[in-house]
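S.K.: Curious how this folds, go ahead:
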Amino acid sequence: MQVRSLLLLLALILVAAAAAEAGKNKKEKTKKDGSKCEDWRWGPCVPNSKDCGLGYREGTCKDESKKLKCKIPCNWKKKFGADCKYKFESWGGCSAQTGLKTRSGILKKALYNAQCEETVYVTKPCSSKIKSKSKGQ
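M.R.: Below you'll find the model as predicted:
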């Protein structure tokens, strides 16, 4: 019985050692470029063609430089930049004078050190359709 428990203990130690070694290898793979610089400055995502789709962004840190793949969605708000993420409130009422609806957005996240406005305002034309709330009556 003691031999069996000794073998079981030895097996558990080997499994734990293998798991620790596997975790160490994963950490080494994430730093594959060998850069020790931590203060990277990233430029905007530049699409390969037109104004959206796959592209790249360049980064610099001291005397090092890198290029990362990036993607600009084709429905992004060009006015704000693809790296500025906003939390928008609901659309306001329709202005009779301008025929536009307005809403504001507060900066939620600025990716890659992007220079973003804290608050932005968006307008869109009012709908010409009148929505009926009396469905199913």
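S.K.: helices or strands up against the biggest strand by length in the chain?
M.R.: Ranked by residue count and defined by DSSP state E, the top strand of the chain is strand 100-110. Counting by 3 or more C-beta pairs under 8 Å, 6 or more residues apart in numbering; DSSP states H and E, the packing neighbours recorded for strand 100-110 are strand 84-88, strand 119-125. (C-beta placed from N, C-alpha, C; glycine too.)
S.K.: Of those strands, which stretch is the most buried?
M.R.: Using mean count of other C-beta atoms under 10 Å, the stretch among the helices and strands packed on strand 100-110 with the largest mean neighbour count is strand 84-88, at a mean of 15.
S.K.: any idea of the angle that one forms with strand 100-110?
M.R.: 130 degrees (axes from the mean of the first three to the mean of the last three C-alpha atoms, to 10 degrees).
S.K.: Return strand 84-88 as CSV; C-alpha atoms alone will do.
M.R.: Provided in CSV are the C-alpha atoms of strand 84-88 (Å, rounded to 0.1, in the frame of the first residue of the first chain):
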residue,chain,number,x,y,z
CYS,A,84,-11.8,56.3,-29.9
LYS,A,85,-14.7,54.4,-28.3
TYR,A,86,-17.7,56.3,-26.9
LYS,A,87,-20.8,55.5,-24.8
PHE,A,88,-23.7,57.3,-26.5
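S.K.: Which parts of this structure are helices?
M.R.: Assigned by DSSP state H, the helices in the chain fall at 2-30.
S.K.: show me where pLDDT drops low in it?
M.R.: 10, 12, 18-34, 76-78, 129-137 (pLDDT under 70).
S.K.: hmm, 90 instead?
M.R.: Along the chain, the parts satisfying pLDDT under 90 run over 1-53, 62-64, 70-85, 96, 110-116, 122, 127-137.
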